[in-house]
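Enquirer: Show me how the following folds:
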Amino acid sequence: MTNGLIKAKDRDTVIQSLQAGVVPRRGQHLIQVGRVEETKAVIRDLERIAEGGSAIRFVIGEYGSGKTFFLSLVRAIALEKNW
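Expert: Reported below is the predicted structural model:
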C-alpha cells in the first residue's frame, strides 16, 4: 500500500479472521512482523522456480510460532505475482 491507507475489505477480513483465531485470506502483509529475511528468501526461491529452476524449504517451529501464517503470506505473494 503505497499511500498508507488500508482498504476497508482488507481491514475487515483481517479483523474478522483474527477474532475467529484463523489466518486471514487477505491482508497478511498488514500484520506480518519480524519475518522480512525469511520472506525475502522464499520470494527468491519462487522467482527461481518461475524461471524454471527448483528449490526446497522446510518450515518448522513450535505450535503457535506462525508457520501457517508465514506459508499463507508466501502463498498470497505468489498468487499476487500470478505464479
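Enquirer: Nearest residue to the middle of this structure?
Expert: Residue closest to the average C-alpha location in the chain (CA atoms, centre = their mean): L73, at 0.9 Å.
Enquirer: Run a quick neighbour tally on the closest residue to that residue other than its chain neighbours.
Expert: Using CB to CB, 6 or more residues apart in numbering and skipping the chain neighbours, the partner closest in space to L73 is Q28 (4.3 Å). C-beta coordinates here come from the backbone N, C-alpha and C atoms, glycine included. Counted with other CB atoms under 10 Å, residues neighbouring Q28 total 21.
Enquirer: Give me the three-state assignment for the residue nearest to the centre of the chain.
Expert: Classification of L73 using DSSP: H, G, I helix; E, B strand; the rest coil returns helix.
Enquirer: Does it touch Q32 like I think?
Expert: Yes. Using CB atoms under 8 Å, L73 makes contact with Q32 at a distance of 5.6 Å.
Enquirer: OK, contacts around Q16?
Expert: The contact partners of Q16, taken as CB atoms under 8 Å, 6 or more residues apart in numbering, are P24.
Enquirer: ranges for the helices of this structure?
Expert: Residue ranges of the helices in the chain, as given by DSSP state H, are 8-20, 36-50, 67-80.
Enquirer: Need the residues that contact the longest one.
Expert: This means helix 36-50. Under the criterion CB under 8 Å, 6+ apart, residues 32, 54-55, 57, 70, 73-74, 77-78, 81, 83 lie in contact with helix 36-50.
Enquirer: now, the most widely separated pair of those residues?
Expert: Greatest spatial distance among the contacts of helix 36-50 (CB to CB): Q32 and S54, at 25.9 Å.
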